[in-house]
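Participant: Build me a structure from this.
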Amino acid sequence: MPQSPRQLAAMADAIRVLAMDAVQVANSGHPGMPMGMADVATVLYSRFLKFDPAAPRWPDRDRFVLSAGHGSMLLYALLHLTGYAAPTIEDIRNFRQLHSPCAGHPENTELEGVECTTGPLGQGFAMAVGMALAERHLNARFGDALVDHRTWVIAGDGCLMEGINHEAAGLAGHLGLGRLIVLWDDNRITIDGATSLSTSEDIAARYRAYGWHVETCDGHDAQDIARAIAAARDDDRPSLIACRTVIGKGAPNKQGSHAVHGSALGAAEVAAARAELGWSAPPFEIPADILADWRALGAPGAAAHLAWQDRLADHPQRAAFAVAMAGHLPALAGAVRDFRAGLGENPGKVATRKASEMVLEVLTAAIPEMLGGSADLTGSNNTRTKATGPLSPPAYDGRYVHYGIREFGMAAAMNGMALHGGVVPYGGTFLVFSDYCRNAIRMAAIQQARVIHVMTHDSIGLGEDGPTHQPIEHLASLRAMPGLLVFRPADIIETAECWALALGETNRPSVLALSRQNLPTLRHDDEMKSARGAYRLRAAAAPRRVVLIATGSEVEIALAVAAALDAGGIGAEVVSMPCAELFCEQEAAWRADLLPTDVLKVSIEAGATFGWERFTGSDGLNFGIDRFGASAPAEQLYDYFGLTAAAIVPQIKARLGIS
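Facilitator: Below you'll find the model as predicted:
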């Protein structure tokens with residue numbers, strides 16, 4: 001193993017040169033952070049990180065998160081130099097080019113060595129908190145023999161400035177996640193210039209107040225870096241190490257300034273840096289002795305991996321561990337069947353948030369991988385069950401996280417849990433607060449992470465809390481997000497189906513939008529009708545002229561409208577659409593049969609009408625709310641906003657030319 005200062009310095013310079021050359025060829029990127037943190041990363045990988053390049057998904061590997069994702073060339077260089085199958089040197093040569101796995105910011109779907117997609121500052125940090133939480137939970141379930149690893153983070157000044165950092169760091173300190181170590185690139189530079197332009201806080205004091213252990217080191221002194229990391233490793237608290245660095249270290253005329261943050265150095269400065277570093281090899285060529293030193297670093301991790309495989313082979317929980325890490329949830333189908341069988345003939349009127357709780361009681365008892373929580377709205381979201389006791393130190397075997405009022409931090413931490421593997425996270429808040437969570441939900445979709453957001457109080461049906469808490473544009477906004485399933489069930493049966501579908505999606509997140517008000521049970525069959533996103537709930541009694549499309553609490557209204565129209569000789573069908581995304585994925589002929597062109601199509605949803613024209617056509621009718629809500633009892637609000645059969649039927653008749 002390389003230990004001499006000369007070897008470590010040469011290895012760090014290999015990172016610097018790859019970073020500046022790749023950014024220079026692309027004429028795009030951020031060379032400063034990789035060059036500045038090269039020494040820290042070299043010490044981390046050579047002396048502390050547990051990894052096996054031949055097995056990037058080994059469950060008990062250490063997780064390394066580059067929260068400062070703009071410095072992606074640091075991670076690409078590390079993966080290549082340590083011997084991962086990808087990226088190749090050709091991939092690095094094509095940095096930031098179309099179809100190169102070396103994207104501008106690291107993407108977990110492109111390279112196996114990338115634990116999570118980062119770039120939006122602070123979210124990598126928060127996802128790492130989720131990974132560390134998942135590690136402690138799985139350790140409590142399966143023991144040290146199978147789960148015993150750390151989560152390492154490189155974060156920049158921006159990561160520590162973002163508001164989500166406060167949420168995530170506070171949660172990590174409260175939960176005592178001592179296997180989490182954050183290496184802060186304390187270079188005191190942002191895009192605008194020195195950090196003194198925008199901040200003067202005592203970050204170390206802030207972290208101590210969170211309950212963290214704090215170290216400082218010279219980020220260019222290998223011995224001091226190793227000392228600080230060892231101290232952090234040996235402390236039971238989460239640790240922040242302030243690594244005082246020079247951004248762009250090695251570029252003699254630009255280092256230490258914001259000029260190296262987000263643009264190529266330029267040919268002259270690249271040449272000057274080569275001279276400064278004493279680097280004579282051509283671009284994208286690593287001298288054999290330096291590459292050999294890097295490639296040797298994987299040997300201890302490979303040996304640890306083999307020893308772990310031996311422990312796994314003899315472990316009494318081997319089968320359960322394999323099930324947890326595979327994420328297939330073999331008990332899911334049976335649990336849903338059991339729930340539906342236990343409902344009886346008439347479950348009565350139940351709010352879908354309560355229906356969700358009823359479903360969760362069965363699901364969480366059958367599926368130990370489910371790990372729930374709420375952003376301080378447990379009694380409103382109905383997300384806690386008898387099987388999910390609180391997760392808090394030292395009881396990491398609990399399955400319910402009290403996130404506090406930290407919606408964004410919760411959403412990002414759940415992404416980290418899902419990406420870690422072994423758990424299926426779900427968390428609750430009000431639908432209106434999906435705005436707080438939004439970028440983390442987007443990141444879940446980008447990363448293809450199975451995360452389930454339980455969003456209750458989904459419309460004006462929440463009543464008196466008024467427009468600040470009544471979602472209007474939120475459903476349309478979430479449906480606009482690629483890769484996200486938005487479920488809005490109409491009754492207890494659809495709620496069970498939507499939970500089954502969300503849990504069955506292994507590579508995309510879901511939102512369950514649930515009502516506060518009680519809703520009647522509209523179906524009594526055993527068919528999984530929600531699986532296609534929409535289905536014909538009621539056929540027309542008279543010759544069909546109208547198809548009513550509704551979601552959630554408005555399906556009941558659509559049924560009343562259809563009954564009134566049919567009574568007047570106007571045939572009306574009702575289509576319940578619990579998930580528009582799944583409906584749009586069905587074959588065209590099936591969609592056309594459900595929503596034919598020769599009828600008047602009408603949508604009814606207590607939210608923005610934006611987007612419904614893709615189902616009703618420009619000549620259809622869209623009933624909803626295109627203004628903010630009001631404070632009043634729910635029944636009065638539905639009447640005030642015209643979302644009643646009495647208000648809708650005359651307008652349909654008028655469109656049909658019937659007086």
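Participant: Quick check on the nearest residue to residue 561 once chain neighbours are set aside: phi, psi?
Facilitator: Spatial nearest neighbour of residue 561, excluding adjacent residues (Cβ to Cβ, 6 or more residues apart in numbering): residue 645 at 4.7 Å. For the C-beta atoms, the positions are set from N, CA and C on the backbone; glycine is no exception. Per-residue torsions, residue 645: phi -60, psi -40 (degrees, to the nearest 10).
Participant: Check residue 269 too.
Facilitator: phi -70, psi -30.
Participant: circling back to that earlier point, hmm, residue 564 and the residue nearest to residue 561 touching each other?
Facilitator: Yes. When contacts are counted by Cβ atoms under 8 Å, residue 645 is listed as touching residue 564 (5.5 Å).
Participant: start to end distance for stretch 193-204?
Facilitator: 21 Å (Cα to Cα, to the nearest Å).
Participant: So what touches that stretch?
Facilitator: 157, 160-161, 184, 188-190, 192, 214, 216, 240, 242, 258 (Cβ atoms under 8 Å, 6 or more residues apart in numbering).
Participant: ok, so of the residues you listed, who is nearest residue 540?
Facilitator: Distances from residue 540 to the contacts of stretch 193-204, taken as Cβ to Cβ, are shortest for residue 161 (58.7 Å).
Participant: OK, contacts around that closest one?
Facilitator: 121, 122, 198, 199.
Participant: export those to CSV and tack on pLDDT?
Facilitator: What follows is the contacts of residue 161, written out as CSV (pLDDT from 0 to 100):
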residue, pLDDT
121, 98
122, 98
198, 97
199, 96
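Participant: Need the max-distance pair from the residues you listed.
Facilitator: Largest pairwise distance in these, by Cβ to Cβ, is 15.1 Å, between 122 and 198.
Participant: Tell me how far the helix or strand harbouring residue 307 lies from the chain's centre.
Facilitator: Assigned by DSSP states H and E, residue 307 falls within helix 298-313. Here helix 298-313 shows a centroid-to-chain-centroid distance of 30 Å under the convention Cα atoms, centre = their mean, to the nearest Å.
Participant: Restrict that helix to CA atoms and write it as PDB.
Facilitator: In PDB, the C-alpha atoms belonging to helix 298-313 read as follows (Å, rounded to 0.1, in the frame of the first residue of the first chain):
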ATOM      1  CA  GLY A 298      -8.700  -2.000  -4.000                       C
ATOM      2  CA  ALA A 299      -7.000  -5.000  -2.600                       C
ATOM      3  CA  PRO A 300      -8.000  -4.500   1.100                       C
ATOM      4  CA  GLY A 301     -11.600  -4.000   0.100                       C
ATOM      5  CA  ALA A 302     -11.600  -7.100  -2.100                       C
ATOM      6  CA  ALA A 303     -10.300  -9.100   0.800                       C
ATOM      7  CA  ALA A 304     -12.900  -7.600   3.100                       C
ATOM      8  CA  HIS A 305     -15.500  -8.500   0.500                       C
ATOM      9  CA  LEU A 306     -14.400 -12.100   0.300                       C
ATOM     10  CA  ALA A 307     -14.500 -12.400   4.100                       C
ATOM     11  CA  TRP A 308     -18.000 -10.800   4.100                       C
ATOM     12  CA  GLN A 309     -19.200 -13.400   1.500                       C
ATOM     13  CA  ASP A 310     -18.000 -16.200   3.800                       C
ATOM     14  CA  ARG A 311     -19.900 -14.700   6.800                       C
ATOM     15  CA  LEU A 312     -23.000 -14.300   4.600                       C
ATOM     16  CA  ALA A 313     -22.800 -18.000   3.500                       C
END
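Participant: between the contacts of stretch 193-204, which has the most around it?
Facilitator: residue 184 (30 neighbours; other Cβ atoms under 10 Å).
Participant: quick revisit: in helices, which of the contacts of stretch 193-204 fall?
Facilitator: Taking DSSP state H as the definition of helices, these contribute 157, 160, 161.
Participant: I figured the first one hits residue 190, correct?
Facilitator: Yes. At 5.8 Å, residue 157 and residue 190 qualify as touching, with contact defined as Cβ under 8 Å.
Participant: who does the longest helix anywhere in the chain touch, helix- and strand-wise?
Facilitator: Counting by DSSP H, the longest helix found in the chain is helix 5-26. Judged by 3 or more Cβ pairs under 8 Å, 6 or more residues apart in numbering; DSSP states H and E, helix 5-26 is in contact with helix 32-36, helix 38-47, helix 72-82, helix 89-93, helix 222-233, helix 267-277, helix 288-295.
Participant: any idea how far it is from the chain center?
Facilitator: On Cα atoms, centre = their mean, the centre of helix 5-26 falls 32 Å from that of its chain.
Participant: for stretch 121-141, same thing?
Facilitator: Distance, centroid of stretch 121-141 to centroid of chain: 12 Å (Cα atoms, centre = their mean).
Participant: got the buried residues for that stretch?
Facilitator: 121-139, 141 (16 or more other Cβ atoms under 10 Å).
Participant: can you tell me which of those are in strands?
Facilitator: Among these, no member is found in strands (DSSP state E).
Participant: Narrow those residues to those in helices?
Facilitator: By the criterion of DSSP H, membership of the buried residues of stretch 121-141 in helices covers 123-139, 141.
Participant: coming back round to it: would CSV of the contacts of stretch 193-204 with pLDDT and distance to residue 610 be doable?
Facilitator: Output for these, formatted as CSV (pLDDT from 0 to 100; distance: Cβ to Cβ, whole Å):
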residue, pLDDT, distance to residue 610
157, 97, 38
160, 98, 37
161, 98, 34
184, 98, 42
188, 96, 44
189, 93, 42
190, 94, 37
192, 95, 36
214, 98, 48
216, 98, 51
240, 98, 44
242, 98, 47
258, 95, 41
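Participant: In terms of distance to residue 576, which of these ranks first?
Facilitator: Nearest to residue 576 out of the contacts of stretch 193-204 is residue 161 (Cβ to Cβ; 45.5 Å).
Participant: State the distance from the closest one to residue 614.
Facilitator: 40 Å (Cβ to Cβ, to the nearest Å).
Participant: Tell me who's in contact with the closest residue to residue 576 other than its chain neighbours.
Facilitator: Nearest residue to residue 576, sequence neighbours excluded (Cβ to Cβ, 6+ apart): residue 537, at 4.5 Å. Applying Cβ under 8 Å, 6+ apart to residue 537 gives the contacts 522, 523, 555, 559, 574, 575, 576.
Participant: go again using 7 Å as the cut-off
Facilitator: 522, 555, 574, 575, 576 (Cβ atoms under 7 Å, 6 or more residues apart in numbering).
Participant: just checking, the first one touches residue 554?
Facilitator: Which is residue 522. No. Look at residue 522 against residue 554 with Cβ atoms under 7 Å: they stay out of range, at 11.7 Å.
Participant: who's more crowded, these two?
Facilitator: residue 554 (29 against 17).
Participant: Identify the residue nearest the more buried one in space, chain neighbours excluded?
Facilitator: residue 604 (4.5 Å).
Participant: Same check on residue 566?
Facilitator: Here the residue nearest residue 566, using Cβ to Cβ, 6+ apart, is residue 541, at 4.3 Å.
Participant: So the one you found belongs to a helix, correct?
Facilitator: No. Counting by DSSP: H, G, I helix; E, B strand; the rest coil, residue 541 falls outside a helix, being coil.
Participant: Now do it against residue 573, distance only.
Facilitator: Using Cβ to Cβ, residue 541 is found at 10 Å from residue 573.
Participant: Would you map the helices across the stretch 501-650 of the chain?
Facilitator: 554-567, 580-584, 588-594, 613-616, 634-640, 645-656 (DSSP state H, counting those that start in this stretch).
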